[in-house]
Structures are given as structure tokens and as C-alpha cells.
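> Fold the following, please.
(chains A and B)
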Amino acid sequence: MRRFFTRNAPGYLFLSPWLIGFFLLTLGPILASLYFSFTRYDMVSAPRWIGWDNYVYMFTRDRRFWKALNVTFSYVALAVPARLAMALCVAMLLDKGLRTIGLYRAIFYLPSLLGSSIAIAILWRQLFAGDGAVNAVLSFFGIQGPSWITDPQTSLYTLVVLAMWQFGSPMLIFLAGLRSIPRDLYEAAEIDGTSRWRQFTRITLPLLAPVIFFNLVLQTIEAFKTFSSAFIISHGNGAPADSLLFYTVYLFNEAFSFFRMGYASALAWVLLVIIATFTGIAFLSSKYWVHYENERD
Amino acid sequence: MVALTLRNTGKRYGALSIIQNMNLDVREGEFLVLVGPSGCGKSTLLRMIAGLEDITDGTIAMDGRVVNDLPASKRELSMVFQSYALYPHMTVAKNLAFGLENMKLPRAEVQRRVAEAARILQIEKLLDRKPRQLSGGQKQRVAIGRAIVREPKLFLFDEPLSNLDAELRVQMRAELASLYARLGTTMIYVTHDQVEAMTLASRIVVLRGGKIEQVGTPQELYERPQNLFVAGFIGSPKINMIESALKAGSDGMEVAAKGFQAFKVPRLDTKDGAITICIRPSSIKLGEGSVQAQGTVRLVEYLGNETLLHIALNSGQTLLVSGKATASLKMGDTVTVGFELADLHYFDSKGQRLEAI
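Numbering: from 1, shown residues only, chains lettered A, B, ... in the order given. Next comes the predicted model:
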């Protein structure tokens, strides 16, 4: 035993920052939250075991939970395809071999760097306010726009547009994917008289499928976890009329506004199961639409 | 009949000229090989013919019609790429049918053509496989099949065998030759391999630096190279080049070739004093010939069917000699080499062929 430690001590010493971080900051809180999800816990008094009550309440009596799920699912269903489509379009434009591609890549990536910042969320709120810049532009064309943020009918779409604008990271991945498709394939298709659209649907999309799949999984997970922009724009409570009550905002409120940490932990675990389910479905479906060039038969 | 005509055709990228002022007639039904060293512009020229590269000067005409601005798909040609360019996510059958679907042919006709191409290329059993499940040779067959099914007027091949191993290359070369004999369609074939060029071509175009050096049948190129570059490029092992002095006398001309005794030659159409004489390694004999020199064997390369000798003449010039009878020699042996005047090629100081007057 002693020999084991003397021999391996330097290795563990170097591993220790990660090990400490993993056990204290990741695994510990995960297990703690699993325990809390079966308790009533207000962060002041000791947690009290209540079995499945939190989960039963969530699915049977909590209408805001269902509202939060509805908002989040709607957002994921709109924002993920919108962001991926935008990212793919820009990547295809940049793939044309511009000389200043490096500059454009940096410029287009910038919103993704800034996007999750509080400042951008505040800016977004002002852009889409009743007297904001968007309506000012619309008024030039004689259109009287609504108050996008405060109107429950439109508020979610402003966040979808924000998500679209943050296309930088999937765009870079798409660009790398596009670059890896041999030019010869397009030239062969061109000689065969294949239209640009057919080249896109029959060559680009199938060969890009592994990258699309990767981006889809990553962006879906990210969309389910959207918090800071929703929190800022909805003034931290899902307003107006709970139309921006994202799951994470609801979870945050339960935990840190109402100090129902036990219930919030249960919400977090349900979100984990939802994300895992979606990821699992994506992986299961991938064998029908994702082609890997070097996969084994 | 002429299938393809290039007139003053050129390609420039800014100030850089890749193809210069090219004039060429490709006859209908011929197998024309474009050959030259790397960077000579042969692939670019092929891509210009295909319509994949713009033409910056001159014209390209097919069947008498200028096609400079005609898109690749309207030129009624097929191209086989070096990389095969097979669609990796489609089966062999779908790869073969893909181009035909664009032509909006009836399904039965598509199936007939795919089956016919598969039969010709003996890939019927591979139709349901994906490209990754195929060997290099099989991929090449599918790539050729994809070209065949379109029944084009012109086939273009861009170094199609260069990704194959040596044995397969020989096999595929023979198959290409029989395919050409069977189809009789005009083919333009790019290669840097002179053996491919010599064995497949009806005519060869030797290119260097974006210019045509010589056009001719393999035999013409081998027996009457028009300049030193062609003489050196065509033929393996490489032709011997000997710098020589030429003197005009009252009864003809006399050549003093380095290491050899001076010898009389027919009157040549030049005033140059410095010329280069060339002779194929197979034309140099040991101990024979009307013109002779002494040398030492520096290297013996036994190739089975022949032996290649590197012989250093007393003048310092190294000669390559190939032949069967040389197998018993070893390094360091002293030998006498010789040749006949009829086997010599003469080139002036600019490298152009000289003819006897």
C-alpha cells in the first residue's frame, strides 16, 4: 500500500486540482442535489425527507412547471433550428473562399462571445422595447411595431432572434465541416449537370450530417439551459405573463427567491432527464440519417 | 474529323500564366494523352476543357462550336478524377445513376445504362456497396463507370491511375486500353507517367511550363523528339545527352563528342559550333559500333529482363547502357562502348532538333 502511494504520489499530486474540483464542485453537488430533491429544504433549517412528494407535486399540481416546460420546449424548437440554419448559411457564404475570411470569421463569431453577457441582454431589451431601435426602423416603413419584449405574444421571439444572432460557434464547426468535403465531389456533380440546390441536398447535407448532428446535440443542450438572457429580459421572473418563464428561470426562482431548494433540486433533475432523453433520441435517430465515412460495417 | 480545337488558348491567374497560347486539334475517336512534369499545366488544361476553369485567352471549340462560356454540364463530356470523386454516402448503383437522374432519363433507361456499365466494368456484384467497402481498383472502376453511363462524346481522365499500387496500375491500364478499343470515344488523358502515355495514346502532347513541346504518336516522340526536353522526357531509362563540338569541313561535318573519338556526320542544318548529341541507352553497344570510347563501370542495375549499366567515360561523362548481354559485368570493369551514327539525335545549342541536309 505504501509502495503504491510512493510510486503514484506524483501522478495524484498533478491530478489533484482536477480531482478536488470534480469531487467538491461537481460530483458532490450532484449527489447533494439528488438527495435534496427528496426533501423539503429552505436553506435555513435542516432538509426534511419527504420521499417523492416534490416530483408528485411537480407533475400533478404545479401549473407553472408545465408553463415553464412549454416556454422552454417552444424556445428549443424554434431557436435551435433557427440558429443552426443561420450558422449553416453564413458558413456556406464564408466557404466561398474570401480573401478576408479570417476577419469575417472573427466578426461573425463576436456575437457568440458577447451573446451570453448581461450587457447584450440589456441591450436586447432596449432594442426591442416599445420605443426601441427595432420599432424606430419599422416606423420608417410606416409600420407600428408592438412592444416586442412586453407583449406575451412576441416576447419569446425576441429571444429566438437573439439565439439566432449568436450563431458563431456552430458556424465555425459547420465551416470546418464544409471545408472537409472534397471539391472534386462538387466538380463531378457540376459536370453531371447537378443543380446547386440538388448539390446542397444530395451532397452537402448528407456529408455534413455528422457535423449537423454534433451541432444539434450541443445546441439543444445549450438551448435547454438558456438562463442569463431570459433572466435579464424577463426581469428575473418570466414576465410578461410568464411568457418568458424559462425552465431555468423558474428553477432559479424556486431556489433563490422562494428558498425551496428541495423542489428546485427536483426541477434540476427533471431537466437533466429531459436533456438526456433528447440527446438519447438524437443518438438513436442518427443511424438513420448520419453517415460517417470511416464507420465500420 | 476534329472533336476539339484549341486556338491560342490561355489561362492566367493575374500576372501568372499557366497555359500559354495553345493550339491543338483533337481528332474524333483518338486517345490523346497530355503528359509533362508536375506543374506543367496539364491538369489545368484538362479542367479548362471540362469547363471547371475559365479560359482567359483564345477559344476552345467542340465539334466546331466555341464552348468558352458553356457550363461543364452542357459540354457532353465525362470526367474521371484522380481522387475518384465517388459520393461516399451513396451505394455504387446510386453513384452510377446520380448523373443520369439530372438528365431526367426514364427510370428503365437509367437502370439499363447502370447495368450495362456494371457489366462492362465487371462491378455487378458491387452495386449495393458503399465506396468505403471497395478497394482502390474497384473505386476506379466505379469512377469510370460513372463516366461511361452518360454516354458522352468526350472522356476526360485526370491522372486516374496515380492512386493505385504498381500492379493494379498495370492491370487498370490494360483495362482502359480495352475499354477505349470497345467504346471508340474520344479520350483525353492526363498523366505524368510516360509509360502510361506511351502505352495508351494514339497521340501524345508533351507539355512544359504551359506550352506544347511536341505533339505526335508515341513512336514519333520516341524516334524523332523535336527538342532536348522531349528527348529526355520520353523513354526509360533516360536518353544519354553528350555535349559536343561541331566543325564544318570540306567533305562534311565532324563531331567531337566528349570522351569519344571525333567522327564524321552528315551535313547538319546549323551554324552552331556547340551541339548536343543524344543516344538511347539501348542503342549503345559494348565493344561494338563505328564510334567508340573507353569507360569504367560505375554501377550495375540488374532488372531481370535487362541490365542497366552506368559507365563513366574517361572524359568524366556518364553514359547509361541497357541490354541483356551486360549481365556478367561488375563495378570497376573497364569496357569499350560504341554506337552507330544512325542511332544519333542532334540538337542545337537552343535544344532544337537538327536534321541532316
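> Measure how buried residue B:171 is and give me the count.
Residue crowding around residue B:171 was assessed by other Cβ atoms under 10 Å in any protein chain shown; the count is 13. Just so you know, the C-beta spots here come from the backbone N, C-alpha and C atoms, and that holds for glycine as well.
> which residue sits closest to it in space, ignoring its chain neighbours?
Sequence neighbours aside, residue B:137 is the residue nearest to residue B:171 in space, at 7.1 Å (criterion: Cβ to Cβ, 6 or more residues apart in numbering or on different chains).
> Same check on residue B:40?
Taking Cβ to Cβ, 6+ apart as the measure, residue B:40 lies nearest to residue B:207, with 4.3 Å between them; neighbours along the chain are not counted.
> re earlier: the residue nearest to residue B:171: what's it in contact with?
Applying Cβ atoms under 8 Å, 6 or more residues apart in numbering or on different chains to residue B:137 gives the contacts B:164, B:168, B:171, B:172.
> Ranking by neighbours, what's the top pick from those residues?
Ranked by neighbour count under the definition other Cβ under 10 Å, the contacts of residue B:137 are headed by residue B:172 with 20 neighbours.
> can you point me to the longest helix in the chain?
The chain I'm using is chain A. In chain A, taking DSSP state H as the definition, the longest helix is helix A:63-94.
> um, chain B though
helix B:166-183.
> Buried residues, that helix. List them.
For helix B:166-183, a neighbour-count test (16 or more other Cβ atoms under 10 Å in any protein chain shown) marks B:168, B:169, B:172, B:173, B:175, B:176, B:179, B:180 as buried.
> Same check on stretch A:32-39?
Within stretch A:32-39, the residues that qualify as buried by neighbour count (16+ other Cβ under 10 Å) are A:33, A:36, A:37, A:38, A:39.
> repeat for stretch A:219-233
Applying a neighbour-count criterion of 16+ other Cβ under 10 Å, the buried positions in stretch A:219-233 are A:219, A:220, A:221, A:222, A:223, A:224, A:226, A:229, A:230, A:231, A:232, A:233.
> quick one: which two of those are the most distant?
Based on Cβ to Cβ, the longest span within the buried residues of stretch A:219-233 runs between A:220 and A:232 and measures 22.3 Å.
> what stretches of chain A score poorly on pLDDT?
In the predicted model, chain A carries pLDDT under 70 at residues A:97-98, A:115-116, A:294-297.
> Would you point out which residue is most central in it?
Of all residues in chain A, the one closest to the mean position by Cα atoms, centre = their mean is residue A:222, 1.8 Å from it.
> That one looks like it's in a helix, true?
Yes. Applying DSSP: H, G, I helix; E, B strand; the rest coil, one finds residue A:222 inside a helix.
> Neighbouring strands - and their directions - for the helix or strand of chain B with the lowest mean pLDDT?
Least confident helix or strand of chain B, by mean pLDDT, DSSP states H and E, is strand B:252-257 with a mean of 82. Looking at strand B:252-257 with DSSP bridges, its partner strands are strand B:240-249 (antiparallel), strand B:263-265 (antiparallel).
> could these be laid out in TSV, adding mean pLDDT and mean neighbour count?
As requested, those are exported to TSV (pLDDT from 0 to 100; neighbours: other Cβ atoms under 10 Å in any protein chain shown):
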stretch	mean pLDDT	mean neighbour count
strand B:240-249	87	16
strand B:263-265	85	17
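> among those strands, which is nearest residue B:324?
Across those, the minimum distance to residue B:324, taken as Cβ to Cβ, is reached by strand B:240-249, at 18.5 Å.
> Could you pull out the helices in the stretch 1-150 of chain A for me?
For the stretch 1-150 of chain A, the helices defined by DSSP state H, counting those that start in this stretch occupy A:2-20, A:28-36, A:53-60, A:63-94, A:101-115, A:118-127, A:133-140.
> Isn't residue B:5 up against residue B:22?
No. In this structure, residue B:5 sits apart from residue B:22 without contact. The criterion is Cβ atoms under 8 Å, and the distance is 10.7 Å.
> so where's the stretch 101-250 of chain B uncertain?
When residues are selected by pLDDT under 70, none of them lie in the stretch 101-250 of chain B.
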